[in-house]
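Enquirer: Here is a sequence together with a model predicted from it:
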Amino acid sequence: MSATVIDGKAFALRIREKVAAHVARLAADHGITPGLAVVLVGQDPASEVYVRNKGKQTLEVGMASFEHKLPADISERDLLALIARLNADPAVHGVLVQLPLPAQLNSDLVINAIDPAKDVDGFHISNVGLLGTGQKSMVPCTPLGCLMMLRHHLGNLSGLNAVVVGRSNIVGKPMAQLLLGESCTVTIAHSRTRDLAAVCRGADILVAAVGRPEMITAEHVRPGATIIDVGINRITRNGKTTLVGDVDFASAAAVAGAITPVPGGVGPMTIACLLANTVTACCRANRLPEPDGLTV
Ligand code: NDP
């Protein structure tokens, strides 16, 4: 292997330390504690793990955590009523509704009911529009974490060729917007892209957000490229369940200049950026200066 491994776990720890320091200052200087409300509908095991980790890390940085666990058959009306209460609650600065939602609930309607200023996931249509037009917004956590790692590793990204594989609203599209904002030349690839390997080989920065285990291999990688692997896939190998990314790590790392591992790459950064967005939302709500280096 020749590539540098970008340590998302260590980077996320530094972000959480910065968040904790700012939270302590808000408490000491202004008597304010940022609060994050997480809403979980139903009992999806993966979502329960995410929500538990979010709550734990929220408390660890000194913020207030409000967990709302709702039955899978909750009506849209009741869920919207809870969101309205959280929007109006001055102790809550960030509201996150864990996705996916059960089929009877309209996710777009629910997400767009969150006050955009408290939309720490950055999925509200107002924040999507603000990001798309280069204005100050709440930036979705996963792409924000990816961008922070890229900036840290590469410095100025201007003029670099970036290929984002995946065009979802939560990862692919906002990632591409952020890279465009850094003056990269951005290509978005997806399931209909012709000759994906050739497209990817044009990339100085290759972001894989596909949801297909280890589909990106050495043949997709330009020598020296920086690879960000967003994928989280559970597979069974040699009778054991294991976590792998969308990138075949061993094969790609032999050609790349740098690469994020799975686990320990993008995943830890996502929660760290959620905490960062919550402290940013709290500062904006109280018209206080925002912490340095926690948003774009
Ligand atoms: P989606 O399923 O919403 O989107 C997947 C995208 O990949 C689609 O745009 C799809 O194209 C594209 N795609 C699928 N197959 C191919 C293919 N063969 N070639 C090229 N493109 C393809 O997934 P998400 O964006 O929500 O998530 C992507 C991955 O990232 C998942 O593994 C998910 O678990 C992970 N993830 C990780 C997070 C973290 O914190 N690390 C957070 C969020 C997600 P098309 O649009 O044409 O169908």
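Expert: Cool, the structure landed.

Enquirer: CA atoms for contacts and neighbours, from now on please.
Expert: OK.

Enquirer: wait, does the helix ranked longest in the chain contact the ligand?
Expert: Criterion DSSP state H: the longest helix present in the chain is helix 8-30. No. Remark: helix 8-30 sits outside contact range of the ligand, by CA under 6 Å from any ligand atom, the gap being at least 10.3 Å.

Enquirer: So which bits of the protein are right by the ligand?
Expert: Counting by CA under 6 Å from any ligand atom, the residues of the chain close to the ligand are 142, 165-168, 170-172, 190-192, 209-211, 230-233, 266-267, 270.

Enquirer: mind running it again at 5 Å?
Expert: 166-168, 171, 190-191, 209-211, 230-232, 266-267, 270 (CA under 5 Å from any ligand atom).

Enquirer: Turn the buried ones among those residues into a named ChimeraX selection, would you?
Expert: ChimeraX command restricting those to the buried ones, with burial defined by 16 or more other CA atoms under 10 Å:
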select :166,167,171,209,210,211,230,231,232,266,267,270
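
Enquirer: how about the residues of the chain next to the ligand, which pair is most distant?
Expert: Ser191 and Thr270 (24.6 Å; CA to CA).

Enquirer: For the longest helix of the chain, list every residue counted as buried.
Expert: Buried residues in helix 8-30, counted by 16+ other CA under 10 Å: 8-9, 11-12, 15-16, 18-20, 22-24, 26.

Enquirer: What is the nearest of these to the ligand?
Expert: Nearest to the ligand among those, counting by CA to the nearest ligand atom, is Gly8 at 10.3 Å.

Enquirer: Please report how far the closest one lies from Ala254.
Expert: Using CA to CA, to the nearest Å, Gly8 is found at 20 Å from Ala254.

Enquirer: Strands along this structure, start to end?
Expert: 4-5, 35-41, 64-70, 94-97, 161-165, 185-189, 205-208, 226-229, 233-237, 240-244, 258-259 (DSSP state E).

Enquirer: now these as TSV including mean neighbour count?
Expert: Putting those into TSV (neighbours: other CA atoms under 10 Å) gives the following:
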stretch	mean neighbour count
strand 4-5	16
strand 35-41	24
strand 64-70	16
strand 94-97	25
strand 161-165	25
strand 185-189	19
strand 205-208	28
strand 226-229	29
strand 233-237	12
strand 240-244	13
strand 258-259	24
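
Enquirer: Now tabulate those strands in CSV and tack on mean pLDDT.
Expert: Converted to CSV, those look like this (pLDDT from 0 to 100):
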stretch, mean pLDDT
strand 4-5, 98
strand 35-41, 98
strand 64-70, 97
strand 94-97, 98
strand 161-165, 99
strand 185-189, 98
strand 205-208, 99
strand 226-229, 98
strand 233-237, 94
strand 240-244, 95
strand 258-259, 98
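
Enquirer: Reformat the ones you listed into JSON lines and put distance to Glu219 next to each item.
Expert: Listed next are those as JSON lines, based on distance: least, CA to CA, whole Å:
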{"stretch": "strand 4-5", "distance to Glu219": "19"}
{"stretch": "strand 35-41", "distance to Glu219": "40"}
{"stretch": "strand 64-70", "distance to Glu219": "44"}
{"stretch": "strand 94-97", "distance to Glu219": "38"}
{"stretch": "strand 161-165", "distance to Glu219": "14"}
{"stretch": "strand 185-189", "distance to Glu219": "16"}
{"stretch": "strand 205-208", "distance to Glu219": "13"}
{"stretch": "strand 226-229", "distance to Glu219": "13"}
{"stretch": "strand 233-237", "distance to Glu219": "21"}
{"stretch": "strand 240-244", "distance to Glu219": "18"}
{"stretch": "strand 258-259", "distance to Glu219": "15"}
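
Enquirer: Grab the nearest non-local neighbour of the most centrally placed residue in the chain.
Expert: For the chain, the residue nearest the mean C-alpha position is Thr142 (1.5 Å; CA atoms, centre = their mean). Distances taken as CA to CA, 6 or more residues apart in numbering put Thr270 closest to Thr142, at 4.7 Å, once the chain neighbours are dropped.

Enquirer: The nearest residue to Gly257 once chain neighbours are set aside: how many residues sit nearby?
Expert: Excluding its sequence neighbours, the residue lying closest to Gly257 (CA to CA, 6+ apart) is Gly224, at 3.7 Å. Gly224 has 19 neighbouring residues, counting by other CA atoms under 10 Å.

Enquirer: Show me the shaky parts of this structure.
Expert: By pLDDT under 70, the weakly predicted segments of the chain are 1.

Enquirer: All the helices of it, residue numbers only.
Expert: So, for the chain - with DSSP H - the helices run 8-30, 45-60, 76-88, 107-111, 125-132, 141-154, 172-181, 196-200, 249-253, 266-285.
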